[in-house]
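coords please:
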Amino acid sequence: MTPTVGKAPKPAKTRKPAAPAPGTQPTAVAFLERLKIRQSDLEQAKYQRYFKTGEGDYAEGDFFMGVRMGEVFTLSKEFAAMSMEDIEKLLEQDIHEARAGAVKIMSLQAQKKKTTEERRRTLYELYLRRHDRINNWDLVDLGAGRVVGGWLMDKPRDPLYELARSENMWERRTAIVATSAFIREGQLDDTFAIAEILLHDREDLINKAVGGWVRDAGRSSRERLLAFLDEHAATMPRTALRYAIEHLGKEQRAYYLTLKDRVSPN
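Here you go, the predicted model:
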């Protein structure tokens, strides 16, 4: 038979690795395989611009494969039953999206109602033990609230104050971000107390977290937020102040910025 002229053969479809079968334990290896087929050079370039990965920057040496975070999170839900051993294997990866997947899985497990107290404790301990791999602001923000704050909800919160005084900036960020669990329950004391400890931190990413979390606490109590600003607005870093006053009215924002300008006009 003479072949049809002018029609190119259709390219064979690339088969995607199957999702973990029901009842089976998803693995780190399978997660990485699924990540690789979602890689995009365009997304990789975006990440390299968005996260400061240059020499001397906060994310120096962090490697981004180029997978959109929405896809990472969707994949994490499929692999939410991953074992602790495999979660740690993902944390050990140089690939940022693999570590993001690991922390997202930890967060999903920590907030699941059927998760045992023993499992939540183990997740909390893994987070702190491998904080060396939870080493960027987005990774902290993915897990600190559910994994760390969630575990400490009905326990002494001394570990957060130790983290707030750490030499490691990501541990300090964990201290304030973890209080999001308390804010959801209307418990605001630790947020404001840790914010005071971190108020004059040298790192801009800590200043942003301090301002952002006292702002969120202010949703539950505008009175406490204003009292905090009355005491600290004049001397707190401008970045933290701008984040903290974001949801105030125009006149109130101008008032607190004026207090700051009187002390530090630059």
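
So Met82 is in contact with Leu32, correct?
No: in terms of CB atoms under 8 Å, Met82 does not count as a neighbour of Leu32; the distance is 11.9 Å. Heads up, the C-betas are built off the backbone N, CA and C, glycines and all.

higher neighbour count, the two?
Between Met82 and Leu32, counted using other CB atoms under 10 Å, the more crowded position is Met82 (26 against 17).

Report the separation between the more buried one and Leu205.
Remark: distance between Met82 and Leu205 (CB to CB, to the nearest Å) = 28 Å.

Which stretches in the stretch 151-266 of the chain count as helices?
Using DSSP state H, counting those that start in this stretch, the helices of the stretch 151-266 of the chain run over 158-164, 169-177, 180-184, 189-198, 204-220, 222-232, 238-244, 250-263.

Lowest average pLDDT across the ones you listed?
Set side by side, the helices of the stretch 151-266 of the chain give their lowest mean pLDDT on helix 250-263, at a mean of 89.

by how many degrees do that one and helix 222-232 diverge?
Angle between the axes of helix 250-263 and helix 222-232 is 20 degrees (criterion: axes from the mean of the first three to the mean of the last three CA atoms, to 10 degrees).

got the contact list for helix 250-263?
226, 229, 233-236, 238, 241-242, 245, 248 (CB atoms under 8 Å, 6 or more residues apart in numbering).

hmm, 7 Å instead?
With contact meaning CB atoms under 7 Å, 6 or more residues apart in numbering, helix 250-263 is reached by 229, 233-235, 238, 241, 245.

and the two most separated of those residues?
Between any two of the contacts of helix 250-263, the greatest separation by CB to CB is 14.7 Å, found for Thr235 and Ile245.

Same drill for these two, tell me which one is more crowded.
Shown here are Thr235 and Ile245; by other CB under 10 Å, Ile245 has more neighbours (24 against 13).

which one is the more buried one nearest to, not counting chain neighbours?
Arg253 (4.7 Å; CB to CB, 6 or more residues apart in numbering).

Just give me the neighbour total for the one you found.
16.

can you tell me how far it sits from Leu188?
For Arg253, the distance to Leu188 - CB to CB - is 21 Å.

And for Arg34?
Arg34 is 40 Å from Leu188, where distance means CB to CB.

neighbours around the residue lying closest to Asp201 once chain neighbours are set aside, how many?
Residue nearest to Asp201 in three dimensions, not counting chain neighbours: Asn207, with 6.2 Å by CB to CB, 6+ apart. Using other CB under 10 Å, the number of residues around Asn207 comes to 23.

Skip the chain neighbours and tell me the closest residue to Asn168.
Distance criterion CB to CB, 6+ apart; nearest residue to Asn168, sequence neighbours excluded, is His131 at 7.0 Å.

tell me the contacts of the most centrally placed residue in the chain?
The structure's the chain has its C-alpha centroid closest to Asp141; by CA atoms, centre = their mean the separation is 1.9 Å. Asp141 makes contact with Val177, according to CB under 7 Å, 6+ apart.

From Ile176, how far out is it?
Distance, Asp141 to Ile176, using CB to CB: 10 Å.

Hmm, the residue nearest to Asp201 is touching Thr239, no?
Yes: contact status for Asn207 versus Thr239: in contact at 4.3 Å, counting by CB atoms under 7 Å.

Which residues are in contact with each of Met82 and Leu32?
Joint contacts of Met82 and Leu32 (CB under 7 Å, 6+ apart) do not exist.
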